[in-house]
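> can't give you the sequence, but here's the structure:
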């Protein structure tokens, strides 16, 4: 296990602490929030830190996560220090820590494949990706970059619908000997073949499709489970989301949404008392509203039957900043992957995936997933 030395402020004591070195694919809004957070919590204390599900996992605190490599394809980010690239267009998330120090890590040109949707070219430059004219990275170059940087965990933040590109980077992680946290709805951890390959390579993987800290789908799941617990039959429901970031712009291309809709829908279906008829459930993005930037607004409606077949309905409006909502969960996924590496665990990590992802290899209710997640962190359950 790599160790670093940190002075414990106020006590004069020097502590040895775990470190985790990460590589990021896709330096977009989610990466911006994550990197800002690593600095934001640097001087925080566990009793005063706000917005974290766990202050420490396996000895790793938020500021013990270090970015050692990053890949993107946008002209405005490639070649820049990660600390600068996270604030470049088309990123539009809220800046909650502007003073991110230089990392010394420059964003490398990655591989495009299907990572950029053709329809984005119809939008203004400050809203779309501008692909760099640098030569795209080869498989061998990405593998070498991961190894040279000493990366331990690769975090996939590619746009929704990047099926080929995600598989490309998953293959690179396998060859480089790097764990994978798959934050997007391309099914890698929940693909038995890929999961088996990571296990054979001795590498953990957590996925697929990150749950928000308190977002549309986790709220929808919680209410669906509440209906079940209280004996209310859920007959019809929809979740409509609007936003103005590049994720929502990207998802205007319906051909890129298949896995996203499956992931979000199954996350809700998994906790329903009985499966809802396909025509009576709609869970997914609705529209792109440019001026919302990284703010996501969810409109949720649930219709059901109470005692005596008496009808009821619930309507909810949720407004959240999308990318910090994601980063709060990613930072736990990263530390769980590191914990698994240190424990010699390999393959799809079912418990962290069920707790932190919408489309894990095995769905659990959120209460069960939370309980078992705490057991996993303590070492009471293996994976």
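That came through, no problem. Just so it is clear, the structure is predicted and the values come from calculations on it, not from any experiment. Numbers count the residues shown, from 1 in each chain.
> switch to C-alpha atoms for all contacts and neighbour counts from now on
Noted.
> list the contacts of the closest residue to residue 131 other than its chain neighbours.
Taking CA to CA, 6 or more residues apart in numbering as the measure, residue 131 lies nearest to residue 74, with 4.7 Å between them; neighbours along the chain are not counted. Contacts for residue 74 (CA atoms under 8 Å, 6 or more residues apart in numbering) come out as 129-132.
> ok, residue 210 next?
Applying CA under 8 Å, 6+ apart, we find residue 210 in contact with 182-184, 326, 329-330, 356-358.
> again, only this time at 7 Å
For residue 210, the residues meeting the contact criterion (CA atoms under 7 Å, 6 or more residues apart in numbering) are 183-184, 326, 356-358.
> same question for residue 39.
Residue 39 is in contact with 63, 100, counting by CA under 7 Å, 6+ apart.
> for the remainder of this discussion, apply numbering that starts at 36.
Okay, using 36 as the starting number, the last item reads as residue 74.
> quick one: it is in a helix?
Yes: using DSSP: H, G, I helix; E, B strand; the rest coil, the assignment for residue 74 is a helix.
> how near is it to residue 104?
Distance check for residue 74 against residue 104: by CA to CA, to the nearest Å, it reads 17 Å.
> check pLDDT for the contacts of residue 109 and point me to the minimum.
When it comes to pLDDT, residue 164 is the least confident member of the contacts of residue 109, at 93.
> neighbours of residue 58, how many?
Neighbouring residues of residue 58 were enumerated by other CA atoms under 10 Å; the total is 23.
> element containing it?
strand 55-60 (DSSP states H and E).
> same check, this time on residue 311
For residue 311, there is no host helix or strand (DSSP H and E).
> now do the same contact list for it.
Residues 270, 304 are the ones in contact with residue 311 under the rule CA under 7 Å, 6+ apart.
> next, residue 351: phi, psi?
phi -140, psi 140 (degrees, to the nearest 10).
> ok, now residue 143?
Dihedral angles of residue 143 (phi, psi; degrees, to the nearest 10) stand at phi -90, psi 150.
> what's the neighbour count on the nearest residue to it once chain neighbours are set aside?
Leaving aside its chain neighbours, residue 143 sits nearest to residue 106 (4.8 Å; criterion: CA to CA, 6+ apart). When counting by other CA under 10 Å, one arrives at 26 neighbours for residue 106.
> residue 135 contacts residue 72, doesn't it?
No: applying CA atoms under 7 Å, one finds residue 135 not in contact with residue 72, separated by 9.1 Å.
> those two: which is more packed in?
Neighbours were counted for residue 135 and for residue 72 using other CA under 10 Å; residue 72 has more, 20 against 16.
> let me know the pLDDT of the more buried one.
The predicted structure scores residue 72 at 97 on the pLDDT scale.
> equivalent analysis for residue 290, please.
At residue 290 the predicted local confidence, pLDDT, stands at 86.
> ditto for the one 10 residues further on
Taken from the predicted model, the pLDDT recorded for residue 300 is 96.
> now it. Nearest residue, chain neighbours left out?
What sits nearest to residue 300 in space, not counting adjacent residues and going by CA to CA, 6+ apart, is residue 318, at 5.4 Å.
> and for residue 202?
Closest residue to residue 202 in three dimensions, ignoring its sequence neighbours and counting by CA to CA, 6+ apart: residue 223, at 7.7 Å.
> check which helix or strand that neighbour maps to.
Going by DSSP H and E, residue 223 is not in any helix or strand.
> for the longest helix seen in the chain, packing partners?
Looking only at the chain and at elements set by DSSP state H, the helix with the highest residue count is helix 357-378. Under the contact definition 3 or more CA pairs under 7 Å, 6 or more residues apart in numbering; DSSP states H and E, helix 357-378 sits against helix 64-75, strand 214-217, strand 239-241, helix 385-391.
> contacts only, for residue 110.
For residue 110, the contacting residues are 165-167, by CA under 7 Å, 6+ apart.
> what helix or strand does residue 177 sit in?
helix 174-184.
> avg pLDDT for the very next helix or strand once past that helix?
Past helix 174-184, heading to the C-terminal end, the next element that is a helix or strand (DSSP H and E) is strand 188-191. The pLDDT scores in strand 188-191 average 98.
> each with direction, which strands does strand 188-191 pair with?
Strand 188-191 pairs in its sheet with strand 55-60 (parallel), strand 214-217 (parallel), by DSSP bridges.
> helices of the stretch 236-385 of the chain, residue ranges please.
Defined through DSSP state H, counting those that start in this stretch, the helices belonging to the stretch 236-385 of the chain, from first to last, are 251-264, 281-285, 293-304, 357-378, 385-391.
> deepest of those helices, which one?
Of all those, helix 385-391 has the most neighbours on average by mean count of other CA atoms under 10 Å, namely a mean of 27.
> output the contacting helices and strands for it.
Judged by 3+ CA pairs under 7 Å, 6+ apart, the packing partners of helix 385-391 are helix 357-378, helix 401-413.
> run through the bridge partners of the residue nearest to residue 300.
Residues found in beta-bridge contact with residue 318 (criterion: DSSP bridges) are residue 274.
> what's the burial count for it?
23.
> same thing with residue 140?
Burial of residue 140 is recorded as 16 neighbouring residues (other CA under 10 Å).
> what does the one 5 residues further on give?
Close neighbours of residue 145, defined as other CA under 10 Å, add up to 26.
> re earlier: who's in contact with the strand holding residue 58?
The contact list for strand 55-60 (CA under 7 Å, 6+ apart) reads 99-107, 185-193, 373.
> let's see it at 6 Å
Identification of contacts with strand 55-60 by CA atoms under 6 Å, 6 or more residues apart in numbering yields 100-106, 186-192.
> what do you get for stretch 99-106?
54-61, 142-145, 184.
> buried subset of those residues, written for ChimeraX?
Selection of buried members from those for ChimeraX, criterion 16 or more other CA atoms under 10 Å:
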select :54,55,56,57,58,59,60,61,142,143,144,145
